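1. following is a predicted model, sequence given first.
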Amino acid sequence: MLSAKEESRDGEKISLHFTVADTGIGIPKEKQKLIFDSFTQADNSVQRQFGGTGLGLAISASLVNLFGGRIWVESDPDGLSGGNLPAGLSADRHGKAGGAAFHFVVPFKLAENTSPILYKADALDGVPVLVVDDNPLTAELLKEIFAGWGMKPKIVLNGEDALVELRTKFANNNPYQILFLDIRLPGMDGFAVAETLKNENDSGLKNLPIIIISMSHSPSDFDRAIQLGVEAFLTKPFSHSELFNTVQEVLFKKGGTVDKLFNAADAPAKHSQTVDEFVTRPLKILAADDNDLNHEIIFEYLNGKNHNITIAKNGEEAVNCYDGNNFDLILMDLHMPVMDGFTATRAIRAKEEGTNKHVIIIALTASAMKSEIEKCHAAGMDGHLSKPIRPRELFRVIHSFFSGDPVPVKANNPDMDLTVNKQFALEQLNGDSKMLIRLAEIFIDKSPMIFNDFENTFATADRAEIIAAAHKFKGSLPVFTPPDFMEYFLKFEQEIREKDLTLAMEKLKFVKKSYLALLRQTKEMVEEVLSKE
């Protein structure tokens with residue numbers, strides 16, 4: 001139960017008293033002072049039974065203190081109510097007190113001018129919403145938010161199950177009123193689900209409001225969503241207010257246009273905020289890669305900045321394209337059919353001998369190992385970019401070579417770099433430290449159980465079960481996971497599918513060691529971020 005009331009008022013300031021009460025197991029009095037410490041629980045056995053690490057209360061206490069407020073807890077799990085229960089608590093039918101009531105008081109400055117409230121939160125009470133996302137942590141976060149608004153959320157993890165769920169509820173006269181749909185789903189993707197619904201004969205399913213959620217900033221994804229007639233497109237990460245306003249717009253604002261709900265003018269601007277500081281003159285760029293998806297990504301990123309892009313699908317095509325063209329930059333994948341990137345680079349450097357030409361060649365590699373990077377140097381490459389390609393890093397490296405301030409290729413340690421970089425983490429979330437803390441908290445709370453389940457599946461020797469558990473664990477990894485570990489795990493996952501499971505079990509030891517290091521560093525990063533806010 002959540003409640004809020006005015007505690008006091010003094011001139012331009014007002015203090016609000018919030019109470020959050022639950023009906024859980026309660027907290028003994030001798031343990032109540034401990035629960036606001038980082039990673040401390042009143043009873044460590046609780047973590048095994050109910051999940052959680054105790055970080056949430058430490059974060060809450062830090063935030064309340066930052067606002068100049070105070071926080072405390074009231075609980076009497078073993079005593080009888082006797083009519084004297086603390087505020088917010090209730091007794092069961094035997095008169096036994098249960099749960100805990102958390103209180104915090106925070107001062108606020110009164111606004112000089114207030115605008116009329118467009119919507120009321122209680123308008124969402126009881127609204128059924130379906131969330132379709134194969135990342136269980138993202139789905140659980142959305143479920144938690146929607147439930148907090150009084151909605152009735154349900155999660156499914158793939159497109160096929162989403163259609164079954166939607167049709168079943170509609171047939172039972174209990175339809176969903178809004179659908180949140182991730183684009184990238186296993187099997188049937190989000191666009192295919194949306195297209196299927198928009199082509200349904202029944203008007204109820206055909207007109208179901210759909211909000212696309214995606215990490216993609218690609219204009220082609222926006223265009224595809226508009227063509228399908230979905231109601232809104234939210235780019236991750238998004239704030240609570242963006243989410244709330246979008247839901248309200250879609251459900252209740254009549255006459256709103258798709259363009260407004262898509263924020264079509266805002267979306268490219270949001271994307272460009274991460275790269276505009278790396279503006280260069282328009283460049284003539286050759287992208288050599290045998291992966292069509294990478295072609296699309298590179299073209300979308302670079303063409304939007306007025307660069308001229310030529311595509312080659314292997315090293316031989318890249319060398320042929322080089323002849324007769326004055327490229328400023330070549331993005332060279334290392335492992336391609338017909339001719340690999342190393343051979344193509346050596347061929348281009350041979351053509352440059354005796355001339356004043358030196359085209360910048362950047363390696364595109366899924367590996368950041370020292371041996372491969374040294375190979376890039378030896379072949380004559382000027383730098384490297386790790387896959388998956390991230391727009392900010394792409395533009396940063398390009399800018400470094402065309403602004404007089406080159407960035408050297410890293411001579412990485414031969415071992416994997418498992419360092420969690422706070423700055424990298426914030427860049428992945430557009431500098432949103434609150435979102436970073438929230439995602440880190442979810443990872444810390446949820447991933448130990450997910451990894452434990454994954455580890456235990458090896459005892460079954462059931463390949464299908466192990467593959468499913470590996471996919472679930474991969475989905476639990478946060479956006480700030482060190483690229484080296486992510487690369488290693490993707491290869492490990494492939495070996496689970498294709499090779500002897502005995503070999504995979506040996507590598508599982510290293511995966512566990514790396515995961516525990518990631519978990520520990522994530523906790524340290526959260527404490528560091530909180531200490532500086």
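-> Now that the structure is in, tell me what you want to look at. As the structure is a prediction and not an experimental result, all values here were calculated from the model.
2. how much space separates the residue nearest to residue 510 when sequence neighbours are not counted from residue 165?
-> Excluding its sequence neighbours, the residue lying closest to residue 510 (CB to CB, 6 or more residues apart in numbering) is residue 488, at 7.9 Å. Any C-beta I mention is one placed from the backbone N, CA and C, and that applies to glycine too. Between residue 488 and residue 165 the distance is 35 Å, computed by CB to CB, to the nearest Å.
3. domain ranges for the protein?
-> 2-109, 121-272, 277-415, 423-531 (automatic domain parsing).
4. so can I have JSON lines of these showing mean neighbour count?
-> JSON lines is the format used below for those (neighbours: other CB atoms under 10 Å):
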{"stretch": "domain 2-109", "mean neighbour count": "15"}
{"stretch": "domain 121-272", "mean neighbour count": "17"}
{"stretch": "domain 277-415", "mean neighbour count": "17"}
{"stretch": "domain 423-531", "mean neighbour count": "17"}
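5. just put those in TSV and tack on mean pLDDT.
-> TSV is the format used below for these (pLDDT from 0 to 100):
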stretch	mean pLDDT
domain 2-109	68
domain 121-272	78
domain 277-415	79
domain 423-531	83
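6. surely the residue nearest to residue 510 is in a helix?
-> Yes. Under DSSP: H, G, I helix; E, B strand; the rest coil, residue 488 falls within a helix.
7. isn't it up against residue 518?
-> No. With contacts defined as CB atoms under 8 Å, residue 488 does not count as touching residue 518, sitting 11.6 Å away.
8. residues contacting residue 322?
-> With contact taken as CB atoms under 8 Å, 6 or more residues apart in numbering, residue 322 is in contact with 286, 330, 348, 351, 359.
9. so what secondary structure elements neighbour the helix or strand harbouring the second one?
-> Residue 330 is part of strand 329-333 when elements are defined by DSSP states H and E. Secondary structure elements in contact with strand 329-333, counted by 3 or more CB pairs under 8 Å, 6 or more residues apart in numbering; DSSP states H and E, are strand 284-288, helix 315-322, helix 341-352, strand 360-365.
10. and if we set it to 7 Å?
-> Contacts defined by 3 or more CB pairs under 7 Å, 6 or more residues apart in numbering; DSSP states H and E place strand 329-333 against strand 284-288, helix 341-352, strand 360-365.
11. could you dump the ones you listed to TSV with distance to residue 242?
-> Converted to TSV, the helices and strands packed on strand 329-333 look like this (distance: least, CB to CB, whole Å):
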stretch	distance to residue 242
strand 284-288	33
helix 341-352	41
strand 360-365	33
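12. so which of the ones you listed comes closest to residue 243?
-> Residue 243 sits nearest to strand 360-365 of all the helices and strands packed on strand 329-333, at 34.6 Å, using CB to CB.
13. sheet partners, orientation included, of the closest one?
-> Counting by DSSP bridges, the strands paired with strand 360-365 are strand 329-333 (parallel), strand 383-386 (parallel).
14. show me the one of the ones you listed that comes nearest residue 234.
-> Nearest to residue 234, of all the strands paired with strand 360-365, is strand 383-386, at 27.3 Å by CB to CB.
15. any idea of the angle the next helix-or-strand element following that closest one forms with strand 284-288?
-> Later in the chain than strand 383-386, the nearest helix or strand by DSSP H and E is helix 391-401. Using axes from the mean of the first three to the mean of the last three CA atoms, to 10 degrees, the direction of helix 391-401 lies 130 degrees away from that of strand 284-288.
16. tell me the gap between helix 391-401 and the middle of its chain.
-> Helix 391-401 sits 22 Å away from the centroid of its parent chain (CA atoms, centre = their mean, to the nearest Å).
17. so what does the helix or strand just after that helix touch, helix or strand wise?
-> Next helix or strand after helix 391-401 toward the C-terminus (DSSP H and E): helix 422-428. When contacts are defined as 3+ CB pairs under 7 Å, 6+ apart, helix 422-428 packs onto helix 433-457, helix 501-531.
18. can you add distance to residue 343 and give the ones you listed back as CSV?
-> Putting these into CSV (distance: least, CB to CB, whole Å) gives the following:
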stretch, distance to residue 343
helix 433-457, 40
helix 501-531, 31
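19. how far away is residue 160 from residue 143?
-> Noted for residue 160: a distance of 20 Å to residue 143, by CB to CB.
20. scratch that, residue 526 is what I was asking about
-> In this view, residue 526 and residue 143 are 22 Å apart by CB to CB.
21. what's the answer for residue 510, then?
-> When residue 510 is compared with residue 143 (using CB to CB), they lie 33 Å apart.
22. try residue 201
-> Distance of residue 201 to residue 143, given as CB to CB: 30 Å.
23. now the residue minimising distance to the centre of the chain: phi and psi?
-> Centroid-nearest residue in the chain: residue 479, 5.4 Å away (criterion: CA atoms, centre = their mean). Here is the backbone geometry of residue 479 (degrees, to the nearest 10): phi -60, psi -20.
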